[in-house]
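>>> compute the structure for the input listed below.
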Amino acid sequence: METRANYVLIGVFALSGFLGILAFFLWFANIQLDRQFAYYDIDFVSVSGLGEASDVRFAGLPVGQVVDVRLSPRQDGSVRVRVEVDAETPVRTDSIATIEAQGVTGVAYVGISAGTP
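Next comes the predicted model:
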């Protein structure tokens, strides 16, 4: 006495469940696959408390993150910080980048001023 199992139906059900769970996690993580970024290299004298994945804020709004921190290739003792900013952020030629501390904890982030319109 052999029971008849429908392996194709079980496989389709398992595969659709896996794809559903994957789609849920992508939605939950709010991943945007078509997002465009602009990269800027900024030289600072000191970057105390700043590290990779620190926030970048434009006029107080979070617009990106720090992707690399290293010594400047100019060999002048400064530190070069590469930031990844949303491509639609209106960074102008007279915008100024500073390192600022957030709240009581003192977590450092890069703040970019709006500049002149």
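>>> quick one, helices of the protein?
Counting by DSSP state H, one finds helices in the chain at the ranges 7-28.
>>> for it, what's the longest strand?
When every strand of the chain is counted residue by residue (DSSP state E), the longest turns out to be strand 61-71.
>>> given that one, what are its sheet partners and their directions?
For strand 61-71, the paired strands and their directions (DSSP bridges) read strand 55-58 (antiparallel), strand 79-86 (antiparallel).
>>> please name the nearest non-neighbouring residue to residue 58.
Leaving aside its sequence neighbours, residue 58 sits nearest to residue 112 (CB to CB, 6 or more residues apart in numbering; 4.8 Å). Every C-beta, even on glycine, is put in place using the N, C-alpha and C of the backbone.
>>> ok, that neighbour to residue 50 distance?
As judged by CB to CB, to the nearest Å, residue 112 and residue 50 stand 14 Å apart.
>>> how about the contacts made by the spatially most central residue of the chain?
Centroid-nearest residue in the chain, with CA atoms, centre = their mean: residue 65, separated by 4.5 Å. Applying CB atoms under 8 Å, 6 or more residues apart in numbering, we find residue 65 in contact with 53-56, 83-84.
>>> please repeat the previous calculation with a cut-off of 6 Å.
Residue 65 makes contacts with 53, 56, 84, as judged by CB atoms under 6 Å, 6 or more residues apart in numbering.
>>> for residue 52, see how far away it is.
Relative to residue 52, and taking CB to CB, residue 65 is found at 8 Å.
>>> bridged to residue 37, which residues?
Counting by DSSP bridges, the residues bridging with residue 37 are residue 86.
>>> closest to residue 34 out of the strands paired with strand 61-71?
Smallest distance to residue 34 across these (CB to CB): 12.2 Å, for strand 79-86.
>>> roughly how far is that closest one from the heart of the chain?
11 Å (CA atoms, centre = their mean, to the nearest Å).
>>> which residues touch that strand?
For strand 79-86, contacts defined as CB under 6 Å, 6+ apart pick out 37-44, 47, 56, 63-70, 72, 110.
>>> give the buried subset of those residues as a ChimeraX selection command.
A single ChimeraX command suffices to select whichever of the contacts of strand 79-86 are buried according to 16 or more other CB atoms under 10 Å:
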select :40,42,44,47,56,63,64,65,66,69,110
